[in-house]
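S.K.: What shape does this take:
(chains A and B)
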Amino acid sequence: DAGVIQSPRHEVTEMGQEVTLRCKPISGHNSLFWYRQTMMRGLELLIYFNNNVPIDDSGMPEDRFSAKMPNASFSTLKIQPSEPRDSAVYFCASSQGGEYGKLFFGSGTQLSVL
Amino acid sequence: KQEVTQIPAALSVPEGENLVLNCSFTDSAIYNLQWFRQDPGKGLTSLLLIQSSQREQTSGRLNASLDKSSGRSTLYIAASQPGDSATYLCAVGGGNTGKLIFGQGTTLQVKP
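M.R.: Just a heads-up that it's a prediction; the model follows:
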């Protein structure tokens, strides 16, 4: 298996633009997570899907952030409009055991909002 | 609110040394604890997962222990190698938040 695949690896955009991050989880995994990592706040859970259904989105910072999982093999995280404080590394992870299963992380998307 | 602390924040050791990384958590009502490794510019790789009913897990030169009552876990690395240089994060599952909460990590440098 290729592991969790994220795209793009790097994204540079200007404030106010829409940003879409993509994730393909490991085949057979029923849970998908979006995390954000910054130096100041460390690793934070943004949203968690189980069987394609959002279970916990309490970590989504604002209405500017939205996430979808239309099927078991694809998820998107969208920021509209983007702001400089959204600059961070965004990770997608998947697991077979829900939130407490062994997590497998993608390589992340480095987002810079100018 | 569950808080996870890792001390020290950074550690530098000569090759071959045995070392211990520490993780402490404030809410002992956990489901499990995981140790991850993160290389620069990369995602996290799960190293060991300890269920709340377990005391330790071993994988090769790595051994992780869990003491729920005292809110502590340690990651023991035997005979360290330069390839072990990375940031090590612990994450606690369960507690009041029901979420996986990560520590800030310990950045390890093993010098040849």
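
S.K.: residue of chain B with the smallest distance to chain A?
M.R.: For chain B, the residue closest to chain A is residue B:43, as judged by Cβ to the nearest Cβ, at 3.6 Å. Glycine gets a C-beta too; all of them are placed from N, C-alpha and C.

S.K.: Now that residue: closest residue in space, sequence neighbours ignored.
M.R.: Closest residue to residue B:43 apart from its sequence neighbours, by Cβ to Cβ, 6 or more residues apart in numbering or on different chains: residue A:105 at 3.6 Å.

S.K.: still on that earlier bit, go ahead and confirm the residue of chain B closest to chain A touches residue A:110.
M.R.: No: using Cβ atoms under 8 Å, residue B:43 makes no contact with residue A:110, being 11.5 Å away.

S.K.: between those two, who's got more neighbours?
M.R.: In this view residue B:43 and residue A:110 are compared by other Cβ atoms under 10 Å in any protein chain shown, and residue B:43 has more residues nearby, 22 against 16.

S.K.: Would you mind listing the residues in contact with the more buried one?
M.R.: Residues in contact with residue B:43, defined by Cβ atoms under 8 Å, 6 or more residues apart in numbering or on different chains, are A:4, A:91, A:93, A:105-108.

S.K.: For chain A, what lies in contact range of chain B?
M.R.: By Cβ under 8 Å from any Cβ of the partner chain, the part of chain A that sits against chain B consists of A:4, A:42-43, A:45, A:56, A:59, A:91, A:93, A:99-100, A:102-108, A:110.

S.K.: do the lowest-mean-pLDDT helix or strand in chain B and chain A meet at all?
M.R.: In chain B, no helix or strand scores lower on mean pLDDT, DSSP states H and E than strand B:100-102, which sits at a mean of 88. Yes: using Cβ under 8 Å from any Cβ, we find that strand B:100-102 touches chain A at B:100, B:102.

S.K.: Show the secondary-structure elements that that strand is packed against.
M.R.: strand A:42-50, strand B:86-94 (3 or more Cβ pairs under 8 Å, 6 or more residues apart in numbering or on different chains; DSSP states H and E).
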